[in-house]
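J.: pasting a predicted model and its sequence here:
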Amino acid sequence: MNKGTVRVLNALSLFTQRPTWGVTELSRELKCSKNSAFQALDTLLKEGYLVRSSSGPRYQLGHRVLDFGLAAESMDVRSLCHPYLQRIHKLTNESVFLAILVGRSTVCIDSIQAQGVTVGYSPLSQPLPLHAGTGSRLLLAYLKDEEIERFIELESPLRSFTPTTITDPKALWDEVRLIRKTGFARGYQDFSTGANFLAFPVFGPMERLLATIVVGGPLFRFTREIADGFIPGIRALIDELNQHSRMFPAVPVVLF
């Protein structure tokens, strides 16, 4: 194995120790030139193992790291949840997404799209920050308090994507408490506009969050009133799913 390949592998392994790295600090850690460190990061970026961090010229884990864990499971989170995505889609006729935590971001790993005008993101798309977007905020809310504090500390100042993005830490904590109280998250058009979403938790053993299921549609079709009307039916399906998922052996990828 040549030195360049070893350097790339060593660079990737460092992201299990710290969630984000820049070129300069990576070059110091690997004891190589900045150019060599950049080449290693660029290779991992092009292959999908890294993405550029939303907080600046830094890098964090990308969607392809899921291949290592998900491919090894004969029954992964996707296969566990997909039948319920289908049932929720049949109930609402809207798009349904399954997303998990990767580092300090949310990644969509499965979806069923509605007919006509669609919303949201496709599986294995660009990671979304935890403070913006309905599913992201739900995943954030069910982290431990110290993990939420750490997220806010590392990501401050929180980036605004739309006029309704929650960027004030106190307001974000209010949202966390609201989600924990109600058991679901509402959409505020805080990552993208023109659509409405609801997000619900999928729990694993010890009440650790495995994933979130997000339902969404365009505002002209999936209004607040229509979405609220579906909440009892969606809750019933999520409760049924959680009876199975609480026995699921996997845990979400949390790398703070």
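T.: Perfect, I can see it now. Numbers count the residues shown, from 1 in each chain.

J.: please name the nearest non-neighbouring residue to Gly233.
T.: The spatially closest residue to Gly233, leaving aside those adjacent along the chain, is Leu91, at 5.3 Å (C-beta to C-beta, 6 or more residues apart in numbering). In short, each C-beta sits where N, CA and C put it, glycine included.

J.: flag every buried residue along the helix or strand that contains the one you found.
T.: Under the assignment given by DSSP states H and E, the secondary-structure element containing Leu91 is helix 77-92. Taking 16 or more other C-beta atoms under 10 Å as the basis for neighbour counts, the residues of helix 77-92 that come out buried are 77-78, 80-82, 84-85, 87-89, 92.

J.: thinking again about what came up before, the residue nearest to Gly233 contacts Leu237, correct?
T.: Yes: with contacts defined as C-beta atoms under 8 Å, Leu91 counts as touching Leu237 at a distance of 7.3 Å.

J.: thinking again about what came up before, identify the residues contacting the residue nearest to Gly233.
T.: For Leu91, the contacting residues are 230, 233-234, 237, by C-beta atoms under 8 Å, 6 or more residues apart in numbering.

J.: look up how far Cys32 lies from it.
T.: When distances are taken as C-beta to C-beta, to the nearest Å, Leu91 and Cys32 turn out to be 54 Å apart.

J.: same thing with Lys144?
T.: Lys144 sits 36 Å away from Cys32, taking C-beta to C-beta as the criterion.

J.: which of those two has more residues huddled nearby?
T.: Cys32 (18 against 11; other C-beta atoms under 10 Å).

J.: quick one: contacts for that one?
T.: The neighbourhood of Cys32, defined by C-beta under 8 Å, 6+ apart, consists of Arg7.

J.: at 10 Å what do you get?
T.: 3, 7, 10-11, 26, 38-40 (C-beta atoms under 10 Å, 6 or more residues apart in numbering).

J.: swap in Lys181?
T.: Listed by C-beta under 10 Å, 6+ apart, the contact partners of Lys181 are Ala141.

J.: what of Arg150?
T.: In this structure, Arg150 makes contact with 19, 104, 143-144, 256, judged by C-beta under 10 Å, 6+ apart.

J.: out of these, which are buried?
T.: Buried positions within those, assessed by neighbour count (16+ other C-beta under 10 Å), are 19, 104, 143.

J.: can I get those in TSV with distance to Tyr59?
T.: TSV is the format used below for these (distance: C-beta to C-beta, whole Å):
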residue	distance to Tyr59
Pro19	10
Arg104	13
Leu143	22
